[in-house]
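Asker: Below: sequence and its predicted model.
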Amino acid sequence: MSKNGRVLVAMSGGIDSSLAAVLLHEQGYEVIGMTMKTWDYASSGSSKKETGCCSLDSINDARNLAVSLGFPHYILDIRSEFGDYVIDYFTDEYLDGRTPNPCVLCNTHIKWDALLRRADKLGCDQIATGHYANIREENGRFIISKGIDENKDQSYALWGISQKSLSRTTFPLGHLRKSEIRQMALERGFTELVNKPESYEICFVPDNDYRGFLKRRVSGLEEQVKDGEFVLEDGSVIGKHNGYPFFTVGQRKGLGIALGYPVYVTEIQRDKNRVVLGTFDELARDGMYVDQLNMVKYADISGSRLDTVTKVRYNDPGHPAVIEQAGDIMKVFFGKGVFAIAPGQAAVFYEEEDVIGGGWIKSSFHQNPPPNFN
């Protein structure tokens, strides 16, 4: 074994995870590559050509890189546990009138656990991924912080990883920018990685049509939820829709209704099969409740109020907020209205560059007047 130890690298076949493996190999680690098979496209019912992290091409790309550098590569088939957990969750959340984030759930409950179990079997001290984030140990805690490339930072998607898992995780790309990664790949002759398109789709919804996926997944769904009502914030019925699961908070396009001014989905009322519509201003909320917390920087902040920047979705720039913890619930107060807070999405709390913790958005609320932020 090398003096730096043995590390298991999650390799999707894309440029980021590939360069993570390359850099660790060059630094003298004994690298073992692992590609996880989470899903097969035939099961999705989609007609789209197989692409992305679960495709045969991607698996072969990861294996070929490992062979070229002389380290072993394995395929880990986790389709069964992925389907039972992530896809059932994805379906159930939409049926509950919420907007799920399956990629965050998969990271924190499937991929990390699966990697660590295999790392133990292979005698690996650490696992590594190609995420743009950083980890450090401070005051007995393992803290996630943002990657230096603001446009590629992926700390939002990692809030749910346990302290035990973080203690054995490394992110080789956290101190690098995407442009630097591309240049490194070119310098090493990996031109095909630079030219390879990146996928931003949910792996089991390759055509990005989650509504079609739900219809194929849930027998008789369309019949069960048909003839729903569009209502305004005051409860006035203004039209019909084809079922609440096919709408998300913040949605404007595809509503099939014209009022002479722009309207957005502001709320989904599952029990009544109602979709509430409102103006952009009516979409704003002053705060939210977040549950199923995982605290990262601090073990517990009960009894205190912290100033944070809080993200309510992956591509959200973040909003100033005061947070208060009460058990497994975080109450979040925004200094001004935040738009399109969707129950079911992840909320992540930051202190400068560090992730304080995160959880799942349970509900949002209006508050007038707002709390004192001084």
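Answerer: In hand now; what should we look at?
Asker: Could you look up the SS state of residue 90?
Answerer: helix (DSSP: H, G, I helix; E, B strand; the rest coil).
Asker: looking at it, it is touching residue 100, isn't it?
Answerer: Yes: counting by CB atoms under 8 Å, residue 100 is a contact partner of residue 90 at 5.0 Å. (Glycine included, C-beta is placed from N, CA and C.)
Asker: Low-confidence stretches in the chain?
Answerer: 1-2, 40-55, 199-200, 368-374 (pLDDT under 70).
Asker: switch to 80 and redo it
Answerer: Low-confidence segments of the chain, defined by pLDDT under 80, span residues 1-3, 39-56, 197-201, 206, 367-374.
Asker: mind listing what the residue nearest in space to the middle of the chain touches?
Answerer: Centroid check for the chain by CA atoms, centre = their mean gives residue 104 as the closest residue, at 3.3 Å. Neighbour list for residue 104: 156, 157, 159, 160, 346 [criterion: CB atoms under 8 Å, 6 or more residues apart in numbering].
Asker: so is residue 360 in a helix, a strand, or just coil?
Answerer: Here residue 360 takes the strand state, with states given by three-state DSSP.
Asker: Work out for me the element the closest residue to it other than its chain neighbours sits within.
Answerer: Leaving aside its chain neighbours, residue 360 sits nearest to residue 292 (5.0 Å; criterion: CB to CB, 6 or more residues apart in numbering). Element membership for residue 292 (DSSP states H and E) is strand 284-295.
Asker: likewise residue 275?
Answerer: Using DSSP H and E, residue 275 falls in strand 274-278.
Asker: Tell me what angle that strand forms with strand 284-295.
Answerer: Computed with axes from the mean of the first three to the mean of the last three CA atoms, to 10 degrees, the direction of strand 274-278 lies at 120 degrees from that of strand 284-295.
Asker: who touches strand 274-278?
Answerer: Outside strand 274-278, the residues touching it (CB under 8 Å, 6+ apart) are 228-233, 238, 241, 244, 247, 255, 257, 259, 263-269.
Asker: can you check stretch 356-367 too?
Answerer: Outside stretch 356-367, the residues that touch it by CB under 8 Å, 6+ apart are 156, 159-160, 285-298, 301, 306, 308, 312, 323, 329-330, 333, 341-350.
Asker: Just the CA coordinates for the helix or strand encompassing residue 265, please, in PDB.
Answerer: Here residue 265 sits within strand 264-269, counting by DSSP H and E. Extracted in PDB, the C-alpha atoms of strand 264-269 (Å, rounded to 0.1, in the frame of the first residue of the first chain):
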ATOM      1  CA  TYR A 264     -47.600  31.400 -10.600                       C
ATOM      2  CA  VAL A 265     -48.300  28.300  -8.500                       C
ATOM      3  CA  THR A 266     -48.200  29.600  -4.900                       C
ATOM      4  CA  GLU A 267     -49.500  26.500  -3.100                       C
ATOM      5  CA  ILE A 268     -50.600  22.900  -3.800                       C
ATOM      6  CA  GLN A 269     -53.500  21.700  -1.700                       C
END
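Asker: Work out the sheet partners of it and label each with its direction, please.
Answerer: Strands that pair with strand 264-269, judged by DSSP bridges, come out as strand 274-278 (antiparallel).
Asker: Off-centre distance for the partner strand?
Answerer: In terms of CA atoms, centre = their mean, to the nearest Å, the centre of strand 274-278 is found 26 Å from the chain centre.
Asker: Show me how this structure divides into domains.
Answerer: Under the assignment automatic domain parsing, the domains of the chain span 6-195, 225-279, 282-365.
Asker: hang on, residue 184 in a helix?
Answerer: Yes: counting by three-state DSSP, one finds residue 184 located in a helix.
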